[in-house]
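need the 3D shape of this:
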Amino acid sequence: MTPVIDICPVEELPPGDHRVVEWEDLEIGVFNCAGEMLAIEDRCSHDDGYLIEGEVDQETCTVECPRHGSVFDLRTGKPLNLPAYVPIDTFPVSVEGGVIRLEVD
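Sure, this is the predicted structure:
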């Protein structure tokens with residue numbers, strides 16, 4: 001069975017906000033992109049930079065690595081430009097009973 005962890009009440013992560021969740025040896029960025037809850041591994045596949053520190057585009061649901069400018073799709077984890085070319089992991093997010101929940105595997 002896939003582990004599911006509670007993140008926070010949905011009102012604590014308004015649109016445009018994000019936070020990092022640690023689980024085992026992973027750091028996962030949880031984003032509220034214009035009302036859509038998304039989660040990615042908080043690690044640029046190019047040089048391990050922290051994506052949570054990058055600029056988030058609410059219209060396209062992307063995040064730009066602050067170190068070298070690679071842009072990642074928050075829905076798929078795919079890089080949209082170089083220097084990154086390897087996708088990062090994404091994680092299913094749900095809202096149940098007003099609580100944001102994250103499936104980690």
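
if I look at the closest residue to V93 other than its chain neighbours, how far off is H18?
Excluding its sequence neighbours, the residue lying closest to V93 (CB to CB, 6 or more residues apart in numbering) is M37, at 4.1 Å. Where C-beta positions appear, they are placed from N, C-alpha and C, glycine not excepted. To H18, M37 is 10 Å away according to CB to CB, to the nearest Å.

what does T2 give?
22 Å.

neighbour count for these two, which is higher?
Between T2 and H18, H18 has the larger neighbour count (other CB atoms under 10 Å), namely 20 against 8.

of all the strand elements in the chain, which one is longest?
In the chain, taking DSSP state E as the definition, the longest strand is strand 26-33.

what packs against that strand?
Applying 3 or more CB pairs under 8 Å, 6 or more residues apart in numbering; DSSP states H and E, one finds that strand 26-33 makes contact with strand 18-23, strand 36-41, strand 99-103.

list the buried residues of that strand.
Neighbour counts over strand 26-33 (16 or more other CB atoms under 10 Å) mark I28, G29, V30, F31, N32, C33 as buried.

including pLDDT, could those go into CSV?
Compiled in CSV, the buried residues of strand 26-33 are given as follows (pLDDT from 0 to 100):
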residue, pLDDT
I28, 98
G29, 98
V30, 98
F31, 98
N32, 98
C33, 97
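
so where's the chain uncertain?
In the predicted model, the chain carries no residue with pLDDT under 70.

about what we covered before: so which of the buried residues of strand 26-33 is the closest to D47?
Closest to D47 out of these is G29 (16.2 Å), distances taken as CB to CB.

many thanks, we can stop here.
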